[in-house]
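S.K.: Here's a sequence, model it:
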Amino acid sequence: MHSEYVEIGGFDVRLNIQSRFDNKIIKKKHVICNRGGKQKKKSCDTLGTSGVRRKGNSNSRAIGCQAKIIFEYVYGTPDYKVFQFDELHNHPLEKRSDLKKSRQMSYSKKEFIVCASTSKIGPSMAHKLRASLRGGYEFVKPKVVDYKNLRRDINKVIGYKDAQMIVNTMNNRRALYPNYSFEFNCQDDFRTVCFGLMKKAYYVEFGDVMSFDANFRTNKYRMVFVPFTALDHRKKLVTVGPGLLSNERIKSYSWLLKAFLKTHGKKPTLVLTDQDAAIKQAVENISYDLFTNTYFRRRFSKLVWDINMKPDVFEVKWGLLMKEFNL
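M.R.: Numbers count the residues shown, from 1 in each chain. Presented below is the predicted three-dimensional model:
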């Protein structure tokens, strides 16, 4: 009855206090307006120059509303009675469509958000798409923030399990396609992960000259993207195998290089790298066993700059490289 009254009245409620008897039976239950209570005071030094992080503004809606209802247990029966009821609010009431109960999402709506996410559509764009399909925003009860909160909660549930999901997907694909290669190594429950995804066809054709360098870290997982790159017959860069590393240690680079050569079974004639010290050490550590008769040149960054910005200079340098290493 009270739930229907709240919905018609235009406000949300939440449980505030409840007391119990020794036998764990609830004695009293306080249900207050969602805008009841007081905001917690947060100190914020706007003139501070220290490294202390400033606290942002709270999005709490508490403004001290006194509207509430208290239910009391009727001793000796399974029933409760209304002990106290205060119905006056100190704020305007809301539309019925804006209430939390009206904004609850069904399973199909949640499934739509998940499917949109797997298609690289974020919560905000998914909300716009849903409104367009339904004929207007007035027909979509959940708000944009509800879409964002659901996506956040899904990420919390998945946690580190998404690494295992990737491994399972890649292993299934490797079982179906004989030429598909995928290597991974993990420690400490996927907190130190290395992935290697190899593209064999490109390497067979253009693998005589190869480059690799630590490119960037992804925003979400803070993993290092390491592309293995070759140059095709049109002088365009093609990826012959990307890797993902959780750190930039020599051990991780060494593992990725070994996985790359294990997959392709062919050593490049010329390897170009950037100025990364860890990559240089990793190459030197395994070059005697795996990269015999392979020449390393740490000038990849300059070569890429010439490809993109100075095509005439690149033609000359590339011609010299082809002549020197019989490419």
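S.K.: low pLDDT regions in the chain?
M.R.: For the chain, the stretches with pLDDT under 70 are 41-60, 159-160, 187-199, 215-221, 274-275, 286-314.
S.K.: so the residue in it sticking out farthest from the centre, which of the three states?
M.R.: Distance to the chain centre peaks in the chain at Gly76, reaching 53.6 Å (criterion: Cα atoms, centre = their mean). Per DSSP: H, G, I helix; E, B strand; the rest coil, the local secondary structure of Gly76 is coil.
S.K.: roughly how far apart are it and Lys109?
M.R.: From Gly76 over to Lys109 the distance is 45 Å, taken as Cβ to Cβ, to the nearest Å. (Each C-beta comes from the backbone N, C-alpha and C, glycine too.)
S.K.: what about stretch 271-279, distance to the chain center?
M.R.: For stretch 271-279, the separation from the chain centroid amounts to 28 Å (computed by Cα atoms, centre = their mean, to the nearest Å).
S.K.: Got phi/psi on Leu270?
M.R.: Dihedral pair for Leu270: phi -130, psi 130, per degrees, to the nearest 10.
S.K.: And for the closest residue to Tyr137 other than its chain neighbours, the neighbour number?
M.R.: Closest residue to Tyr137 apart from its sequence neighbours, by Cβ to Cβ, 6 or more residues apart in numbering: Ala131 at 4.6 Å. Look at Ala131: counted by other Cβ atoms under 10 Å, it has 15 neighbours.
S.K.: Could I get the full set of helices for the stretch 1-150 of the chain?
M.R.: 2-9, 107-118, 123-134, 144-158 (DSSP state H, counting those that start in this stretch).
S.K.: Buried residues, the helix or strand just after the longest one. List them.
M.R.: In the C-terminal direction, the helix or strand that comes right after helix 144-158 (DSSP states H and E) is helix 161-176. Taking 16 or more other Cβ atoms under 10 Å as the neighbour-count basis, helix 161-176 is seen to contain the buried residues Ala163, Ile166, Val167, Met170.
S.K.: Please apply the same query to stretch 88-99.
M.R.: For stretch 88-99, burial by neighbour count (16+ other Cβ under 10 Å) applies to His89, Glu94, Leu99.
S.K.: just stretch 269-289 next, same as before
M.R.: Buried, per 16+ other Cβ under 10 Å, within stretch 269-289: 269-274, 276, 278-280, 282-283, 287.
S.K.: what would those residues look like in CSV with secondary structure and distance to Tyr253?
M.R.: What follows is those, written out as CSV (DSSP: H, G, I helix; E, B strand; the rest coil; distance: Cβ to Cβ, whole Å):
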residue, secondary structure, distance to Tyr253
Thr269, coil, 21
Leu270, strand, 19
Val271, strand, 13
Leu272, strand, 15
Thr273, strand, 10
Asp274, coil, 12
Asp276, coil, 8
Ala278, helix, 6
Ile279, helix, 5
Lys280, helix, 9
Ala282, helix, 4
Val283, helix, 8
Ser287, helix, 12
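S.K.: Export the residues you listed as JSON lines, with columns for distance to Val157.
M.R.: Below are the buried residues of stretch 269-289 laid out as JSON lines (distance: Cβ to Cβ, whole Å):
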{"residue": "Thr269", "distance to Val157": "49"}
{"residue": "Leu270", "distance to Val157": "47"}
{"residue": "Val271", "distance to Val157": "43"}
{"residue": "Leu272", "distance to Val157": "43"}
{"residue": "Thr273", "distance to Val157": "40"}
{"residue": "Asp274", "distance to Val157": "39"}
{"residue": "Asp276", "distance to Val157": "36"}
{"residue": "Ala278", "distance to Val157": "35"}
{"residue": "Ile279", "distance to Val157": "37"}
{"residue": "Lys280", "distance to Val157": "41"}
{"residue": "Ala282", "distance to Val157": "36"}
{"residue": "Val283", "distance to Val157": "41"}
{"residue": "Ser287", "distance to Val157": "45"}
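S.K.: Closest to Asp22 out of these?
M.R.: The closest of those to Asp22 turns out to be Ala278 (Cβ to Cβ; 63.8 Å).
S.K.: Quick one: residues contacting that closest one.
M.R.: Contacts here follow Cβ atoms under 8 Å, 6 or more residues apart in numbering; on that basis Ala278 touches Ala214, Glu248, Arg249, Ile250, Tyr253.
S.K.: The same query, at a cut-off of 7 Å, please.
M.R.: Shown in contact with Ala278 (Cβ atoms under 7 Å, 6 or more residues apart in numbering): Glu248, Arg249, Ile250, Tyr253.
S.K.: Quick check: Met105 touching Pro142?
M.R.: Yes. Using Cβ atoms under 7 Å, Met105 is in contact with Pro142, at 5.3 Å.
S.K.: Out of those two, name the residue with the larger neighbour count.
M.R.: Pro142 (19 against 15).
S.K.: where's the more buried one relative to Phe83, distance?
M.R.: Counting by Cβ to Cβ, the gap from Pro142 to Phe83 is 35 Å.
S.K.: Also Leu15?
M.R.: From Leu15 to Phe83 the distance is 15 Å (Cβ to Cβ).
S.K.: For the two, work out which one has more neighbours and name it.
M.R.: Just comparing Leu15 and Phe83: by other Cβ under 10 Å the higher neighbour count belongs to Phe83, 13 against 9.
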